[in-house]
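The following block contains a protein sequence and its predicted model.
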Amino acid sequence: MRQLLLTLLVALLPLACIQAQAHTVSLEDSTPASLAGTSSPTPAAPPVYHTADEMPSFPGGAEAFQKFLRKELHYPDAALRSGISGRVFVRFIITAEGRIRDAEVVKGLGSGLDEEALRLVRIMPWWTPGRVSGQPVWMSYTMPIIFRALD
């Protein structure tokens, strides 16, 4: 029996690696029934989608997002002195509850603009989550934040 379980676990290891590379994890517990009582299973992360039937949205829509940016954006002094402007692309995950997590700069400008874009994403209110077949899902989202240095 022990040899059979070891063979089963070794056979399933490549499958687990493939699923991890695809950033999709099954919600089902893949622990064999004989081991279920010996260890507490860790909750599996839900799959992260890149497209959905209903895409996630900022609460209040695009107009509310622009208002949020006007109110909260602080142009870094170093970028102002250098006259740097442009787009910073930030990627993050929107959970099924609408929370923002794992924000990272995909393409930045430097001079403090990358840090400011991350700060803005991290203080955003919860979003309306994306939906697949009517169910809220985790979504990967990439957003440009535009910085314009006005003279």
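Cool, got the structure.

CA atoms for contacts and neighbours, from now on please.
OK.

Give me the residue ranges of the chain where confidence is low.
Low-confidence segments of the chain (pLDDT under 70): 1-42, 151.

My read is that Gly98 contacts Pro129, right?
Yes - at 4.7 Å, Gly98 and Pro129 qualify as touching, with contact defined as CA atoms under 8 Å.

now the longest strand along the chain: how far from the chain's centre is it?
Criterion DSSP state E: the longest strand present in the chain is strand 135-147. Distance, stretch centre to chain centre, for strand 135-147: 7 Å (CA atoms, centre = their mean, to the nearest Å).

If we ignore the residues flanking it in sequence, what's nearest the residue positioned nearest the centre of the chain?
Central residue of the chain (CA atoms, centre = their mean): Ile93, 1.6 Å from the mean position. Distances taken as CA to CA, 6 or more residues apart in numbering place Ser140 nearest to Ile93, at 4.5 Å, with adjacent residues excluded.

quick one, what contacts that neighbour?
Val48, Tyr49, His50, Arg91, Phe92, Ile93, Ile94 (CA atoms under 8 Å, 6 or more residues apart in numbering).

how close does the third one sit to Val137?
Put plainly, it is His50. According to CA to CA, to the nearest Å, His50 stands 10 Å off from Val137.

who's more crowded, the two?
Neighbour comparison, His50 and Val137: the larger count goes to Val137, with 24 against 13 (by other CA atoms under 10 Å).

Distance check, the more buried one against Val48.
Between Val137 and Val48 the computed distance is 7 Å (CA to CA).

Same check on Ala64?
For Ala64, the distance to Val48 - CA to CA - is 26 Å.

neighbour count winner among these two?
Shown here are Ala64 and Val48; by other CA under 10 Å, Val48 has more neighbours (18 against 12).

Show me what the more buried one is bridged to.
Val48 forms beta bridges with Trp138, as assigned by DSSP bridges.

pretty sure it is touching Val132, no?
No - taking contacts as CA under 8 Å, Val48 lies outside contact range of Val132: 11.3 Å.

Now do the strands in the protein.
48-49, 86-94, 100-107, 130-132, 135-147.

Which of those sits closest to Asp77?
Asp77 lies closest, by CA to CA, to one member of the strands of the chain: strand 135-147, at 12.6 Å.

So which bits of that closest one are buried?
Pro136, Val137, Trp138, Met139, Ser140, Tyr141, Thr142, Pro144, Ile145, Phe147 (16 or more other CA atoms under 10 Å).
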